[in-house]
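Undergrad: When you get a sec, could you give me coordinates for this:
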Amino acid sequence: MTMQPTRVPVDLAKAYRLLNHGPTVMVSSVHAGKANVMSAAWSMPLDFAPPKVAVVIDKSTFTRGLIEASGAFVLAVPSRELAALTLAVGSESGREIDKFAAHGIEWTPGEHTGAPLVEGCLAWLECRLIPEPHIQQAYDLFLGEVVGAWADPAVFTDGHWHMEEGGKRSIHYVAGGHFMETGAAFEVTKLG
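TA: A predicted model of the protein is given here:
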């Protein structure tokens, strides 16, 4: 039996499409041997060439310090299968526990920055921090240039998401432990 790959490269010109549907993401970083992962409900594509993203990361988080020190982070798109883990890593502090060890989270160092790619996700965007101290301090908004992007080929190929009936889908955090799953995909033609 041949195993299907769980991560294939995504053309950087199409990397923004990995986030265009507004999923909750896991944000991870590593610096000086310390790695951490947290969840963020507010992330978005920001530009096409080179591809850029924006994510809100609160001042109180351990991950923020790692990103500021290392200049790198990964946005990973989890599915429903990882919803409990997504809630856990978004509710705990990496200052108090090693979330990777505590939850048995497997990860691979990113090819370009070494930032953790959390295994089992649907998509990964490896980013170099674009330092913008004013907006980081004023709005907790972090910008990143996407230097590598990958997706699970079961759900993303040829620059498009494929949300099949009964298949894996991204999740969206509402509040208080409530999530929604991305719905069915459909196409629309232009009027006229």
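Undergrad: going forward, measure contacts between C-alpha atoms and count neighbours the same way
TA: Will do.
Undergrad: how about residue 123, phi and psi?
TA: The phi/psi pair for residue 123 (degrees, to the nearest 10) reads phi -160, psi 160.
Undergrad: quick one: contacts for it?
TA: With contact taken as C-alpha atoms under 8 Å, 6 or more residues apart in numbering, residue 123 is in contact with 7, 18, 76-78, 149-152.
Undergrad: what's the neighbour count on residue 186?
TA: Taking other C-alpha atoms under 10 Å as the criterion, the count of residues near residue 186 is 7.
Undergrad: Where do the helices of the protein begin and end?
TA: According to DSSP state H, the chain carries its helices in the segments 62-70, 83-91, 99-103, 133-139.
Undergrad: Show me what the shortest one packs onto, helices and strands only.
TA: Going back to what we said before, that points to helix 99-103. Secondary-structure packing of helix 99-103 (3 or more C-alpha pairs under 8 Å, 6 or more residues apart in numbering; DSSP states H and E): strand 34-40.
Undergrad: If you count contacts, what does the strand it packs on end up packed against?
TA: By 3+ C-alpha pairs under 8 Å, 6+ apart, strand 34-40 packs against strand 25-31, helix 62-70, helix 83-91, helix 99-103.
Undergrad: Other residues contacting the first one?
TA: For strand 25-31, contacts defined as C-alpha under 8 Å, 6+ apart pick out 35-41, 43, 63, 66-67, 69-70, 72-78, 86, 114-118.
Undergrad: I'd like to know which of these are buried.
TA: When the contacts of strand 25-31 are checked for burial by 16 or more other C-alpha atoms under 10 Å, the buried set is 35-41, 43, 63, 66-67, 70, 72-78, 86, 114-118.
Undergrad: returning to what we had before: nearest to residue 174, out of the helices and strands packed on strand 34-40?
TA: helix 83-91 (11.2 Å; C-alpha to C-alpha).
Undergrad: Going by neighbour count, list what's buried in that closest one.
TA: Quick answer for helix 83-91 (16+ other C-alpha under 10 Å): 83, 85-90.
Undergrad: Which one of those is nearest to residue 167?
TA: Once C-alpha to C-alpha is applied, the member of the buried residues of helix 83-91 that ends up nearest residue 167 is residue 83, at 15.0 Å.
Undergrad: The closest one against residue 172, yeah?
TA: No - under the criterion of C-alpha atoms under 8 Å, residue 83 is not in contact with residue 172, lying 9.4 Å apart.
Undergrad: Between those two, which contacts overlap?
TA: Common neighbours of residue 83 and residue 172 (C-alpha under 8 Å, 6+ apart) are residue 179.
Undergrad: Next, format the helices and strands packed on strand 34-40 as TSV and append distance to residue 127 and mean pLDDT.
TA: Output for these, formatted as TSV (distance: least, C-alpha to C-alpha, whole Å; pLDDT from 0 to 100):
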stretch	distance to residue 127	mean pLDDT
strand 25-31	10	98
helix 62-70	10	98
helix 83-91	20	97
helix 99-103	20	98
